[in-house]
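Student: The amino acid sequence is not available; the structure is as follows:
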Ligand code: SF4
Ligand code: SF4
């Protein structure tokens, strides 16, 4: 079984991904990770550092996001809502269900995502999923 390292907040971003992102390479990388996760051929290991999606992102420097402090707050909010911790292993189905149940469906996306630049797009899409 393959392992995908994932920052907790990417459990939300994946669900609202519509092919937009920071660069063409980022979008292609995101597509590949999503296909792999949905194929059920990979387990997720939660991480509080740059993950397998950040690898393709132009905002990554060394092992940090250029907005690391802001991103860590979003990650921590997700972990709190999910009752999980960095290092926990689970399937995409399990994580997707937690994201829907604990954040999206109960209207907590705004509080969790705080001032993410993509929030306006995600909030519209979340109202369709809730
Ligand atoms: S480096 Fe930062 S902006 Fe890029 S995907 Fe990772 S957390 Fe998101
Ligand atoms: S608002 Fe930002 S952090 Fe939240 S799901 Fe959308 S892209 Fe991800």
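Tutor: Thanks, I have the structure now. Predicted, not measured: the structure shown is a model, and the values here were computed from it. Ligands and ions are numbered 1, 2, ... in the order given.

Student: Now do the phi/psi pair for residue 3.
Tutor: Per-residue torsions, residue 3: phi -120, psi 130 (degrees, to the nearest 10).

Student: Tell me the bridge partners for it.
Tutor: For residue 3, the beta-bridge partners under DSSP bridges are residue 43.

Student: wait, it sits on residue 42?
Tutor: Yes. Using Cβ atoms under 8 Å, residue 3 is in contact with residue 42, at 6.5 Å. The way it works is simple: take the backbone N, C-alpha and C, and place the C-beta from them, glycine included.

Student: the more surrounded of these two?
Tutor: residue 42 (18 against 11; other Cβ atoms under 10 Å).

Student: list the contacts for that one?
Tutor: 1-4, 36, 92 (Cβ atoms under 8 Å, 6 or more residues apart in numbering).

Student: quick one: it from residue 81, how far?
Tutor: Here the distance between residue 42 and residue 81 works out to 23 Å (Cβ to Cβ, to the nearest Å).

Student: ditto for residue 30
Tutor: 23 Å.

Student: So the two - more neighbours on which side?
Tutor: Neighbour totals were compared for residue 30 and residue 81, and residue 30 leads with 22 against 18 (other Cβ under 10 Å).

Student: what about that one, helix or strand, and which?
Tutor: In this structure, residue 30 sits in helix 24-38 according to DSSP states H and E.

Student: ok, and the most crowded of the contacts of residue 42?
Tutor: residue 92 (21 neighbours).

Student: Not counting its neighbours along the chain, what's nearest it?
Tutor: Nearest-residue entry for residue 92: residue 37, 4.0 Å, with adjacent residues in sequence omitted and distances by Cβ to Cβ, 6 or more residues apart in numbering.
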